[in-house]
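Visitor: got a sequence here, can you model it:
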Amino acid sequence: MGFPGVWMTESESMIYRVVPKCACSTIGQIMYFSDHGEFFDGDIHDAKTGLHKWSRDDSHAPIERAVHDRTAPAFTCVRNPYARILSSFFDKIAGIQRNGRRYRGNLVPQLAQRYGIDVGSPENDFDFDQIASFRRFLLFARDTIRWRRPMEPDIHWSAMSGHISTFIVNGGRYDRIFFTEALNDGMAQVLADARTPHQVDLANVPRFNESEGHGPKRAFKVSEYFDDLSRHLIWEIYKDDFQLFRYDFDDPDNKMPVGDIDLDEVHAKLGR
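Guide: Residues are numbered from 1 along each chain as shown. As a prediction, the model looks like this:
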């Protein structure tokens with residue numbers, strides 16, 4: 001199986017397991033800058049050179065060697081599950097993608113037909129009932145994760161623990177797992193452990209949010225999207241994420257973790 005979702009700098013200074021919707025665009029650009037002294041011109045997910053990615057066949061050998069020999073710090077980044085699933089909805093379901101089209105072609109029309117989801121359009125300034133449509137999307141997301149129907153779960157709303165576990169199961173070990181909500185602090189620790197060709201001034205790194213400005217803005221605070229049923233579904237889907245990464249299930253508006261991540265516990269539970 002190898003190491004799907006893993007990126008590594010060409011200098012082999014750091015190894016990153018991508019978790020979608022957890023600042024991966026910004027982290028990828030920081031990695032790129034640390035090697036080349038400039039940011040990639042475009043979406044870092046589209047970069048075919050300048051960064052080792054497991055999706056490239058020629059990157060397999062250097063990534064496998066670095067992971068197994070532990071010659072570079074390996075890390076990943078997590079995010080509050082409430083905020084992450086909301087971000088997935090507004091970006092991938094309600095938003096228009098950077099190619100000018102809806103995500104995955106006919107996915108949104110299917111959701112409208114099967115789940116009654118309405119996400120408006122640019123023509124009506126994305127005028128729709130955000131809370132009702134999000135809760136219906138959450139049912140769909142649960143169905144994909146629990147029963148893999150009407151489709152396989154998408155990487156943008158499948159559990160973070162599932163992404164993170166593949167690296168461990170296939171022989172890797174994380175040196176750090178940090179929080180999106182404290183991104184600069186986490187990346188500063190990674191960079192301190194890495195030997196990079198270029199220094200990165202984290203205070204002046206822009207946030208590379210590729211979905212920004214292509215869809216509706218969230219109109220309500222986080223807790224208003226989650227009634228009792230929605231929170232039951234969130235716990236069913238993301239129980240491990242809340243527990244392993246120390247996020248507050250009881251207060252959806254508290255985006256910050258309530259404790260430190262225990263790396264030994266993460267490796268023990270996700271390495272089975």
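Visitor: list the buried residues in stretch 66-75.
Guide: By neighbour count on 16 or more other CB atoms under 10 Å, the buried set for stretch 66-75 is 66-67, 72-75. C-betas here are computed from N, CA, C, even on glycine.
Visitor: what's the end-to-end length of it?
Guide: 13 Å (CA to CA, to the nearest Å).
Visitor: which residues touch that stretch?
Guide: 3, 6, 8-9, 12-17, 65, 167, 171-178, 186, 190, 193-194 (CB atoms under 8 Å, 6 or more residues apart in numbering).
Visitor: contact partners of the least confident helix or strand in the chain by mean pLDDT?
Guide: Lowest by mean pLDDT, DSSP states H and E among the helices and strands of the chain is helix 107-115, with a mean of 93. Applying CB under 8 Å, 6+ apart, the contact partners of helix 107-115 are 93, 102, 117-119, 136-137, 139-140, 150-151.
Visitor: let's see it at 7 Å
Guide: With CB atoms under 7 Å, 6 or more residues apart in numbering as the test, helix 107-115 has contacts from 93, 102, 117-119, 136-137, 139-140, 150.
Visitor: of the residues you listed, grab the buried ones for ChimeraX.
Guide: The ChimeraX command for the buried members of those (criterion: 16+ other CB under 10 Å) is given here:
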select :93,102,117,118,119,136,137,139,140
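Visitor: can you show me the strands along the stretch 101-250 of the chain?
Guide: Secondary structure of the stretch 101-250 of the chain by DSSP state E, counting those that start in this stretch: the strands cover 176-179.
Visitor: right, and residue 47 touches residue 36 too?
Guide: No. Judged on CB atoms under 7 Å, residue 47 makes no contact with residue 36 at a distance of 10.6 Å.
Visitor: returning to that earlier point: just the buried residues from the contacts of stretch 66-75, in ChimeraX please.
Guide: Here is the ChimeraX command that selects the buried residues among these (16+ other CB under 10 Å):
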select :3,6,8,9,12,13,14,15,16,17,167,172,174,175,176,177,178,186,190,194
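Visitor: which residues in the stretch 101-250 of the chain form helices?
Guide: 107-115, 130-147, 160-169, 183-193, 228-244 (DSSP state H, counting those that start in this stretch).
Visitor: how about those helices in CSV, adding distance to residue 84?
Guide: Converted to CSV, the helices of the stretch 101-250 of the chain look like this (distance: least, CB to CB, whole Å):
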stretch, distance to residue 84
helix 107-115, 19
helix 130-147, 11
helix 160-169, 7
helix 183-193, 14
helix 228-244, 8
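Visitor: among the buried residues of stretch 66-75, which are in helices?
Guide: The helices, defined by DSSP state H, take in 66-67 from the buried residues of stretch 66-75.
Visitor: turn the buried residues of stretch 66-75 into JSON lines, columns for distance to residue 250 and pLDDT.
Guide: Shown next, in JSON lines, are those (distance: CB to CB, whole Å; pLDDT from 0 to 100):
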{"residue": "66", "distance to residue 250": "40", "pLDDT": "97"}
{"residue": "67", "distance to residue 250": "37", "pLDDT": "98"}
{"residue": "72", "distance to residue 250": "38", "pLDDT": "96"}
{"residue": "73", "distance to residue 250": "33", "pLDDT": "97"}
{"residue": "74", "distance to residue 250": "32", "pLDDT": "98"}
{"residue": "75", "distance to residue 250": "28", "pLDDT": "98"}
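Visitor: possible to save the buried residues of stretch 66-75 as a markdown table with distance to residue 97?
Guide: Shown next, in a markdown table, are the buried residues of stretch 66-75 (distance: CB to CB, whole Å):
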| residue | distance to residue 97 |
| --- | --- |
| 66 | 32 |
| 67 | 32 |
| 72 | 33 |
| 73 | 33 |
| 74 | 30 |
| 75 | 28 |
